[in-house]
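1. Provide a 3D model corresponding to the input given below.
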Amino acid sequence: MVNIPKLPEKEELEYKEKEFFLSLSEQLEASSRYWFFALIVVAAVSVPVGFLLRGTLSRTFIGSYEPPPVNTTPYTPEPLQVLQTGVLPLGGGVVSIYGQPRNPNPDISARGFDYVFVLEDAAGQETGRVEGKSYLLAGDSRFIVVPSHASASQPARVRLEFGEVDWTKLQPEHDLRFEIAQKNTGFTPEGRFFVEGLLRNLQSVQIKQVDLDFLVFDEQHQNLLGVNTGSYTDLFPLENRYFRAIFPGSRVFPPESVEVIPSVNLLSPGVIIGTPEKVPVR
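-> Sure, this is the predicted structure:
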């Protein structure tokens, strides 16, 4: 059972209201008039003083604010490494150059970097330079090759140096797969050695650019005997693209010694058009 309190009668409420205002009037009459003037002055002055203090304090607080330091290099990656370099003489002062950089960082990719091959003679004097740009995904290594370079004097060795590197923690969303089919070798009418075959796109997407590196190894598959490179654009879904790479010089290599390595910079914007799906080749 809920007990509802009994409200006072209307006449009793009116009486208490009159009693309250009468008591308040008597207290105000007994107070000094100076307090009324002081109250009016305080009320009149408080408004402009409040605006003045608000502006002054705001400027003071804003001026004393120190923003947190911004780290312009959020990543602390290990520098790129060089696994090997080499110079392959082709005759007539022309050489092929190669280098194999490695990215030792397991979770940071080099979306792009500048490099330079520095050619030196037997005395250690610089005889030439070849500059370029490349990329390396996290924990990856790849060959950088210059198929043909004319040098004023025969270089004895080459040094690979790196310039600015565009590091990123972005990881490729897809892992593309290719197949090299019907690889064969031959000679042009001018007697130049070439490698040909089919580059198969095993994805149901279009790829804007695929780089092919052609590496010729010795019988032990340890030393490089020749290098070449090429790029192929707009490889359509499930397309078989014919390639042909003509090697500089007059050396002849067996087909089994030539390795064709496709690569795609998966961190380059717009390199993949569509959603990749692995599709078996029949």
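2. note down every partner strand of the host helix or strand of residue 233 and its orientation.
-> Following DSSP states H and E, one finds residue 233 within strand 224-235. In the sheet, strand 224-235 lines up against strand 206-217 (antiparallel) (DSSP bridges).
3. need the mean per-residue confidence for the partner strand.
-> Averaged over strand 206-217, pLDDT sits at 93.
4. circling back: please name the strands paired to the next helix-or-strand element following the strand holding residue 233 in the sheet, noting orientation.
-> Next in sequence after strand 224-235, counting helices and strands by DSSP H and E, comes strand 240-246. Strand 240-246 pairs in its sheet with strand 193-201 (antiparallel), by DSSP bridges.
5. now what about the partner strand, what contacts it?
-> Defining contact as CB atoms under 8 Å, 6 or more residues apart in numbering, one finds that strand 193-201 is touched by 178-188, 207, 210, 212, 214, 228, 232, 235-247, 249-253, 255, 258, 260, 262, 281. For the C-beta atoms, the positions are set from N, CA and C on the backbone; glycine is no exception.
6. show me the contacts for the residue most central in space within the chain.
-> Against the mean C-alpha coordinate of the chain, by CA atoms, centre = their mean, the closest residue is residue 168 at 3.6 Å. Applying CB under 8 Å, 6+ apart, we find residue 168 in contact with 75, 108-109, 111, 267.
7. does it have beta-bridge partners, and which?
-> Following DSSP bridges, residue 168 is listed with bridge partners residue 109.
8. so which of the contacts of residue 168 is the most crowded?
-> For the contacts of residue 168, the largest number of neighbours (other CB atoms under 10 Å) sits with residue 109, at 25 neighbours.
9. list the contacts of that one.
-> Per CB under 8 Å, 6+ apart, neighbours of residue 109: 103, 135-138, 167-171, 267.
10. repeat for residue 213
-> Applying CB under 8 Å, 6+ apart, the residues near residue 213 are 142-143, 145, 227-229, 260-261, 263.
11. could you dump the contacts of residue 109 to a markdown table with secondary structure and distance to residue 154?
-> Output for the contacts of residue 109, formatted as a markdown table (DSSP: H, G, I helix; E, B strand; the rest coil; distance: CB to CB, whole Å):
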| residue | secondary structure | distance to residue 154 |
| --- | --- | --- |
| 103 | coil | 32 |
| 135 | strand | 31 |
| 136 | strand | 30 |
| 137 | coil | 35 |
| 138 | coil | 38 |
| 167 | strand | 37 |
| 168 | strand | 40 |
| 169 | coil | 44 |
| 170 | coil | 43 |
| 171 | coil | 44 |
| 267 | coil | 38 |
